[in-house]
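> Fold the following.
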Amino acid sequence: MEIRIDDLTGAKIVRLIGEHLRGMADNTPPESVHALNLDGLRKPDITFWSVWEQDELLGCGALKELEGRHGELKSMRTASVHMRKGVAKTLLEHIINEAKQRGYRLLSLETGSGEAFEAARKLYANAGFQECGPFADYKEDPYSVFMSLKL
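Next comes the predicted model:
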């Protein structure tokens with residue numbers, strides 16, 4: 001697997017982000033969807049990576065700088081045909097290492113509370129993330145689970 005910084009202009013990544021947004025909309029009420037669209041992911045405080053095997057897109061994820069020592073994990077998604085192959089775990093390790101290199105002391109995330117997000121919550125818990133309260137601009141929401149990892 002090759003992990004590379006992505007500018008979000010390629011057709012394959014545009015399709016994967018579309019799949020990600022549809023998945024969020026299918027499993028979460030609109031007011032509780034916190035996934036970013038392409039324009040949101042292109043902001044200067046976000047670094048976006050895609051995961052490849054030759055010319056096959058496997059997945060993606062992003063790191064948003066919240067404040068000097070605090071980052072947020074965003075838009076983690078594995079392409080449907082590549083689920084259960086270790087893509088998300090590999091990318092999560094990459095993003096955690098990047099956060100450490102940047103000097104972050106805390107890495108946080110928001111994910112869904114429903115059954116569709118169970119595998120994601122398990123992935124994050126296995127990496128050491130623990131449930132916490134809302135952070136940054138988030139509010140308590142029954143459809144959200146907030147997690148953080150002290151670095």
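> Got the phi and psi for the spatially most distant residue from the centre of the chain?
For the chain, the largest distance from the centre (Cα atoms, centre = their mean) belongs to Q54, which lies 22.3 Å off. When read as degrees, to the nearest 10, the backbone of Q54 gives phi 60, psi -120.
> Roughly how far does it sit from I46?
To I46, Q54 is 26 Å away according to Cβ to Cβ, to the nearest Å. To be clear about C-beta, it is placed using only N, CA and C from the backbone, and glycine gets the same treatment.
> Quick check: mean pLDDT of the helix or strand in which T47 is found?
Take DSSP states H and E as the rule and T47 turns out to sit in strand 46-53. In this model, strand 46-53 has a mean pLDDT of 98.
> same check, this time on stretch 65-84
93.
> List the buried residues of it.
65-66, 70-79, 82 (16 or more other Cβ atoms under 10 Å).
> Which strands or helices does the longest helix anywhere in the chain pack on?
Longest helix of the chain, by residue count under DSSP state H: helix 11-27. Secondary-structure packing of helix 11-27 (3 or more Cβ pairs under 8 Å, 6 or more residues apart in numbering; DSSP states H and E): helix 38-41, strand 56-67, strand 70-78.
> Redo these as a markdown table? Include distance to D7.
Shown next, in a markdown table, are the helices and strands packed on helix 11-27 (distance: least, Cβ to Cβ, whole Å):
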| stretch | distance to D7 |
| --- | --- |
| helix 38-41 | 10 |
| strand 56-67 | 12 |
| strand 70-78 | 14 |
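> Just tell me which of these ends up closest to I3.
Using Cβ to Cβ as the measure, strand 56-67 is the one of the helices and strands packed on helix 11-27 that comes nearest I3, at 9.0 Å.
> roughly how far is that closest one from the heart of the chain?
The chain centroid and the centroid of strand 56-67 are separated by 6 Å, computed with Cα atoms, centre = their mean, to the nearest Å.
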